[in-house]
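Student: A structural model of the following input is requested.
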Amino acid sequence: MNDELFKLSEDGTVLIEFIGGDDVTEAIIPESVTEIRRKAFYWCRSLTSIKIPESVIKIGYRAFYHCRSLTSINVDANNPYFASIDGILFNKKKTILGIYPQGNQQPSYEIPKGVTEIGMEAFAGCSSLKSINIPEGVTGIGDGAFYGCKSLTSISILDNVTEIGKDAFASCSSLKSITLPENVKEIGEGAFAGCSSLKSIDIPDSVKKIGERAFNDCYSLTSINVDANNLYFASIDGVLFNKKKTILIKYPKGKQQTLYNIPDSVTEIGQLAFYGCESLTSISILDNVTEI
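Tutor: Prediction:
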């Protein structure tokens, strides 16, 4: 390996782009580099391993995105900002799981104890993962954390998680069931969008916010069930409403009935509320509804 495989800044401190080509399988980042820029290794399909020196203090957004053959990201033990365990990238304290390489072929993974946060897009595109265990200490699941994990069928989330980020489980097309923790307060925009195998979801009483598109394109979803003690949301026959039942938020796409009568209490039909509901042939909307 030599510097000719990298496009660097004039002083050699910023790795702008990997230009080694598709025949290169290993990248050893030069010792002079302190920053790996955004998308520096974007779509490097043949890379299987990357070695990060102790000099690196910053790694940009999606630096290793779509590196589908990448099995290990190894960090020099003396690096003061980052660390690796079995080729998986963490912050130095190992409290944030940063990147799980897409090329890792393990069918299951148990996140180490001590981790409190699953970083943005940490597992995105990891198509071999079928199951994952999240330890008690984790309180946040970042935006797109499991986006496109198409083989993921089950996931265990313990009660300390309070927030599920935007697109966190989007396009997890094999995910059949998920139990939301009792303390989760926010379900991010598009959090479960494209989970085409998901049949039902139970929303605990702790949830205060559900983002737009949270359950879009869930073709098998027949019911969204809300705990009766929830102060912000409610459900009737698996259909999601605000607590007062004045806003119809989401009619599950997988419901097979052809006729639906909107309840008398509803005054507003929310954005994308019936999007893609192909089984419906007629809907009865009463005079109370003032906004669609």
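Student: Check the average confidence over stretch 168-186, would you?
Tutor: Computed over stretch 168-186, the mean pLDDT rounds to 92.
Student: now it, how far from the centre of its chain.
Tutor: 9 Å (Cα atoms, centre = their mean, to the nearest Å).
Student: Need phi/psi at residue 4.
Tutor: Torsion angles at residue 4 (phi, psi; degrees, to the nearest 10) stand at phi -70, psi -10.
Student: Just the pLDDT for residue 133.
Tutor: In this model, residue 133 carries a pLDDT of 88.
Student: burial count for it?
Tutor: 13 (other Cβ atoms under 10 Å). (Each C-beta comes from the backbone N, C-alpha and C, glycine too.)
Student: Next: residue 164.
Tutor: Around residue 164 there are 29 residues (other Cβ under 10 Å).
Student: Next up, the contacts around it.
Tutor: 141, 180, 184, 186, 187, 188, 191 (Cβ atoms under 8 Å, 6 or more residues apart in numbering).
Student: looking at it, the second one is touching residue 198, isn't it?
Tutor: What that stands for is residue 180. No: the pair residue 180 / residue 198 is not scored as a contact, 12.0 Å apart, by Cβ atoms under 8 Å.
Student: The two - which one has more neighbours?
Tutor: Set residue 180 next to residue 198 and count neighbours by other Cβ under 10 Å: residue 198 wins out with 24 against 19.
Student: So what are the sheet partners of the least confident helix or strand in the chain by mean pLDDT and their directions?
Tutor: Sorting the helices and strands of the chain by mean pLDDT, DSSP states H and E puts strand 154-156 at the bottom, at a mean of 79. When pairs are called by DSSP bridges, strand 154-156 turns out to pair with strand 131-133 (parallel).
Student: Just the mean pLDDT for the following helix or strand past the partner strand, thanks.
Tutor: Downstream of strand 131-133, the next assigned helix or strand under DSSP states H and E is strand 140-141. Mean per-residue pLDDT for strand 140-141: 94.
Student: and strand 140-141, what other elements does it pack with?
Tutor: Counting contacts by 3 or more Cβ pairs under 8 Å, 6 or more residues apart in numbering; DSSP states H and E, strand 140-141 packs against strand 117-118, strand 163-164.
Student: roughly how far is the first one from the heart of the chain?
Tutor: If you compare the mean C-alpha spot of strand 117-118 with that of the full chain, they lie 11 Å apart, counting by Cα atoms, centre = their mean.
Student: Now do the buried residues in stretch 238-246.
Tutor: Residues of stretch 238-246 classed as buried by neighbour count (16 or more other Cβ atoms under 10 Å): 238, 239, 240, 241, 242, 245.
Student: ok so, going back, out of the helices and strands packed on strand 140-141, the one nearest residue 234 is which?
Tutor: strand 163-164 (20.0 Å; Cβ to Cβ).
Student: that older thread, of all the buried residues of stretch 238-246, which comes closest to residue 93?
Tutor: residue 240 (38.8 Å).
Student: Now do the contacts for that closest one.
Tutor: 203, 210, 215, 224, 226, 233, 234, 248, 249, 250, 251.
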